[in-house]
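S.K.: what would the 3D arrangement of this be:
(chains A and B, ligands or ions: 1)
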Amino acid sequence: MSTESNILFGIYCPPHPHPLLAPDLNQGYRNLRSAYDTLKTRIEESGADIILLYSTTWPSIVGHQIQAHPEPEWTHVDDDFHFLGSMPYKFKIDSEFSNAYKEAAENRGLHSRTVAYEGFPIDTGSIVALSLLNPDNKIPACIVSSNMYSNRSETIVLGKAARDALAKQGKKAVIVVVASLSNRMFTEHIEPSEDRIHSPKDDEWNRKILEFFDNGRLEDLSQLSRDIHGQIRIQKVAAYKPVWWMAATMGQHNNYNGEILAYEALHGSGGAVIQLTPSDESIGDKEFDEDDVEYYRGDRNVLGQGAL
Amino acid sequence: MEKGRIVLGCLAPHPPHLVYAENPEQNEPFSEGGWETLRWGYNRLARKLKNIDYDVMVIFTPHWATYIGTHFLGLPSFNSLSVDPIFPNIFRYKYDLRVDVELAEAMEKSAADAGIITKMMRNPDFRIDYGTITSCHMLNPEWNKPIITISSNRNSHYYSGEVMNEQSSALGEACLKAIEESGKKVVLVSSNSLSHRHFVTESPLPEDMSREHIYNHSQYVWDMKIVGMMRDGKMREVIDIMPEYAEQTIAETEAGGLTWMMAAMGFPKYPAEIYGYQSVIGTGNAIVAWDPNSATREIVL
Ligand SMILES: [Fe+2]
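M.R.: Here you go, the predicted structure:
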């Protein structure tokens, strides 16, 4: 594994379309929008060669899919928030990197494939993030899906494969993780002016997570992912994975400068825009009890081994 | 005006593989076939439908997942390209369909009156999900009837399988009320698989049937239990064990479609018509119909 990091900084941001389509419906959406705008400028000035996104609103089943169409173009509409408007997009994808990422994933035992189809439905989260963070396509991007069934080992290895591919191509990257913190939304329609985090419990957990981010404790958060999943995540997928991928891609340690640019409610869910920049300082070294993984060997077939 | 009614209920699984294997002109990729047990079952059910007089097909799809209530298509037509986000290599389908907005609005109102959170979808750029397209294409390849798509509200994720059953039942009853008041003859479609664990790898040729089998034996045993109960006309019992079934087999019935359809049809006590059962990329899929008319009800398989 490469030891030198090619990551300039990392971003954690929410998938819902309000900051893109309706920032003026309340002050919170406007604050999130301002945070995206700030990061847009920082990305432009960073000298990055590529923006690499991991989106929790792009589920995959057959391995790990990687967007490789050089210029995907469509008009997207969100399943829930269709009434906020349409999202026309045209992105610039670094297909060469997409292919390198796929190869790097395969070299670490993962099943992976690139997708490059006219009209492929890019997900809401990726569209919101890329439209706001890179509106003029100044920097080429790449998007990787989140496999529904994958768990920690597979996700950590997927992150390490991203590092491999960046190192091999010698590209400097800004990485973007698109995910809510607490993801429970209100199940009824609400007035935007009345938007708030769904419950005090979700809010308290979100604030604890933000404290870790603020202190740059990325690996500590990675180790807390299973607790986060149990406490504040709707059980749609096997696990809360975005921080596993983020830590494995950026480096599994706590040496980061964290900055919380915004934390607001999006129809009840926790939406935070966060920047993490590699640094020399370290905080909060915990005793980690989950093994580190370099190569994915698939399911262990525990049941099959016990069969008579 | 004569009272409207449900003339057939169909459990219509939507793996896009089935459309891919049929090679219709609307779908771009070319296949060498595959999954005949399901496709031939679908073909037979489509022939039965041709002999049934109906005005509209109402379909409940898991692939329009909504978290804020139940949504209904609310524009008269949609045409575009549907690309499957999971299996884009096999499904890139050009569709051009009509919607019965009048009945969609009546169902939405009836559901809202019953206390269910609802929303009409009126954005013309909205893309129709591949669940709707696959099930409707296989049941009516001519697309000569209007449809209504109802989104799947994810009560199972947010609350539990039991809450999903309650809410989907209430939605079914509300839809039945609107159908009766409309005077229309309606085919209901629950678009979903049974057991729903997928393989996470795909063979180089997706239609290579030497590689196709159920994910594991436990899924098969559960699916056969459910199909057996359908055959025996025990739909109340099927819906009652749905939460446990979904938990054990991550069945796609968790989306609520089957519960919705059975509630609208009064939980049939008569035998279901079984048209086929087969796995697709490891998931269990049954094509089943409930014919309220005992004169036309058949023993198919
Ligand atoms: Fe499905």
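S.K.: residues contacting B:Asp55?
M.R.: For B:Asp55, the contacting residues are B:Asp100, B:Lys145, B:Pro146, B:Lys184, B:Lys185, B:Val186, taking C-beta atoms under 8 Å, 6 or more residues apart in numbering or on different chains as the criterion. Every C-beta, even on glycine, is put in place using the N, C-alpha and C of the backbone.
S.K.: can you flag which of those residues belong to strands?
M.R.: Helix and strand membership here follows DSSP state E; of these, those in strands are B:Lys185, B:Val186.
S.K.: from the contacts of B:Asp55, which is closest to B:Glu166?
M.R.: B:Glu166 has its nearest neighbour among the contacts of B:Asp55 in B:Val186, at 23.1 Å by C-beta to C-beta.
S.K.: report pLDDT for the closest one.
M.R.: Residue-level confidence at B:Val186 comes out at 98, pLDDT.
S.K.: that one contacts B:Val56, doesn't it?
M.R.: Yes. B:Val186 is in contact with B:Val56 according to C-beta atoms under 8 Å; the separation is 5.6 Å.
S.K.: okay, and the common contacts of these two?
M.R.: Each of B:Leu103 lies in contact with both B:Val186 and B:Val56 under the rule C-beta under 8 Å, 6+ apart.
S.K.: so which helix or strand takes in the residue most central in space within chain A?
M.R.: Centroid-nearest residue in chain A: A:Val177, 1.8 Å away (criterion: C-alpha atoms, centre = their mean). Applying DSSP states H and E as the criterion places A:Val177 in strand A:173-178.
S.K.: one more: A:Asn257?
M.R.: If you go by DSSP H and E, A:Asn257 is part of strand A:256-266.
S.K.: just A:Ile51 next, same as before
M.R.: strand A:50-60.
S.K.: each with direction, which strands does that strand pair with?
M.R.: Here strand A:50-60 is paired, per DSSP bridges, with strand A:141-147 (parallel), strand A:173-178 (parallel).
S.K.: any idea how far A:Tyr36 is from A:Arg108?
M.R.: Look at A:Tyr36 and A:Arg108: by C-beta to C-beta, to the nearest Å, they are 32 Å apart.
S.K.: counting by contacts, list what the strand holding A:Asn257 packs against.
M.R.: If contacts are counted by 3 or more C-beta pairs under 8 Å, 6 or more residues apart in numbering or on different chains; DSSP states H and E, strand A:256-266 sits against helix A:27-44, helix A:200-214, strand A:269-278.
S.K.: nearest to chain B, out of those?
M.R.: Nearest of the helices and strands packed on strand A:256-266 to chain B, taken as C-beta to the nearest C-beta: strand A:269-278 at 9.4 Å.
S.K.: what angle do that closest one and strand A:173-178 make?
M.R.: With axes from the mean of the first three to the mean of the last three C-alpha atoms, to 10 degrees as the basis, strand A:269-278 and strand A:173-178 are set at 160 degrees to each other.
S.K.: direction included, what does strand A:269-278 pair against?
M.R.: When pairing is defined by DSSP bridges, strand A:269-278 lines up against strand A:7-13 (antiparallel), strand A:256-266 (antiparallel).
S.K.: in contact with the residue lying closest to B:Asn216 once chain neighbours are set aside, which residues?
M.R.: For B:Asn216, ignoring the flanking residues on the chain, the nearest one in space by C-beta to C-beta, 6 or more residues apart in numbering or on different chains is B:Arg197 at 7.4 Å. Residues near B:Arg197 by C-beta under 8 Å, 6+ apart: B:Tyr215, B:Asn216, B:Gln219, B:Thr249, B:Ile250, B:Gly282, B:Thr283.
S.K.: three-state assignment of B:Arg197?
M.R.: coil (DSSP: H, G, I helix; E, B strand; the rest coil).
S.K.: buried ones in the strand or helix carrying B:Arg39?
M.R.: With the criterion set as DSSP H and E, the secondary-structure element containing B:Arg39 is helix B:36-50. Buried positions in helix B:36-50, judged by neighbour count with 16 or more other C-beta atoms under 10 Å in any protein chain shown: B:Thr37, B:Leu38, B:Arg39, B:Gly41, B:Tyr42, B:Arg44, B:Leu45, B:Ala46, B:Lys48, B:Leu49.
S.K.: for the residues you listed, which one is nearest chain A?
M.R.: Chain A has its nearest neighbour among the buried residues of helix B:36-50 in B:Leu38, at 18.6 Å by C-beta to the nearest C-beta.
S.K.: backbone phi and psi for A:Ile127, please?
M.R.: Backbone torsions of A:Ile127, given as degrees, to the nearest 10, read phi -70, psi -40.
S.K.: tally of neighbours for it?
M.R.: Applying the criterion other C-beta atoms under 10 Å in any protein chain shown, we find 26 residues in the vicinity of A:Ile127.
S.K.: ok, now the one 3 residues further on?
M.R.: A:Leu130 has 23 neighbouring residues, counting by other C-beta under 10 Å.
S.K.: quick one: it and chain B, what's the gap?
M.R.: Using C-beta to the nearest C-beta, to the nearest Å, we find A:Leu130 at a distance of 17 Å from chain B.
S.K.: for my notes, confirm that residue occurs in a strand.
M.R.: No. Following the definition three-state DSSP, A:Leu130 is helix and is not counted among the residues of a strand.
S.K.: and it, what is it in contact with?
M.R.: A:Leu130 makes contact with A:Ile51, A:Leu53, A:Tyr89, A:Phe91, A:Ala141, A:Ile143, according to C-beta under 8 Å, 6+ apart.
S.K.: same thing but at 10 Å, please
M.R.: Contact partners of A:Leu130, counting by C-beta atoms under 10 Å, 6 or more residues apart in numbering or on different chains, are A:51, A:53, A:55, A:89, A:91-93, A:122, A:137, A:141, A:143, A:176, A:178.
S.K.: ok, the lengthiest strand in chain B: who's next to it in the sheet?
M.R.: Taking DSSP E as the assignment, the strand of chain B that covers the most residues is strand B:56-66. Strands that pair with strand B:56-66, judged by DSSP bridges, come out as strand B:147-153 (parallel), strand B:185-190 (parallel).
S.K.: the last one to helix B:36-50, inter-axis angle?
M.R.: In terms of direction (the same axes, to 10 degrees), strand B:185-190 departs from helix B:36-50 by 160 degrees.
S.K.: so what's the gap between the very next helix or strand once past strand B:185-190 and the chain middle?
M.R.: Using DSSP H and E, the next helix or strand after strand B:185-190 towards the C-terminus is helix B:217-231. Centroid separation for helix B:217-231 versus its chain: 18 Å, with C-alpha atoms, centre = their mean, to the nearest Å.
S.K.: which other helices and strands contact helix B:217-231?
M.R.: Counting contacts by 3 or more C-beta pairs under 10 Å, 6 or more residues apart in numbering or on different chains; DSSP states H and E, the secondary-structure elements packed against helix B:217-231 are helix B:235-249, helix B:257-264, strand B:273-280, strand B:283-290.
S.K.: just send these back as TSV, with mean pLDDT too.
M.R.: As requested, these are exported to TSV (pLDDT from 0 to 100):
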stretch	mean pLDDT
helix B:235-249	96
helix B:257-264	98
strand B:273-280	98
strand B:283-290	98
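S.K.: so which of the ones you listed is nearest A:Leu224?
M.R.: Closest to A:Leu224 of those is helix B:235-249 (C-beta to C-beta; 26.4 Å).
S.K.: now the angle from that closest one to strand B:283-290?
M.R.: In terms of direction (the same axes, to 10 degrees), helix B:235-249 departs from strand B:283-290 by 170 degrees.
S.K.: is chain A within reach of helix B:235-249?
M.R.: No. With C-beta under 10 Å from any C-beta of the partner chain as the criterion, chain A is not reached by helix B:235-249; the gap is at least 11.1 Å.
S.K.: and that helix, how far out from the chain's middle?
M.R.: Mean-position distance between helix B:235-249 and its chain equals 17 Å (C-alpha atoms, centre = their mean).
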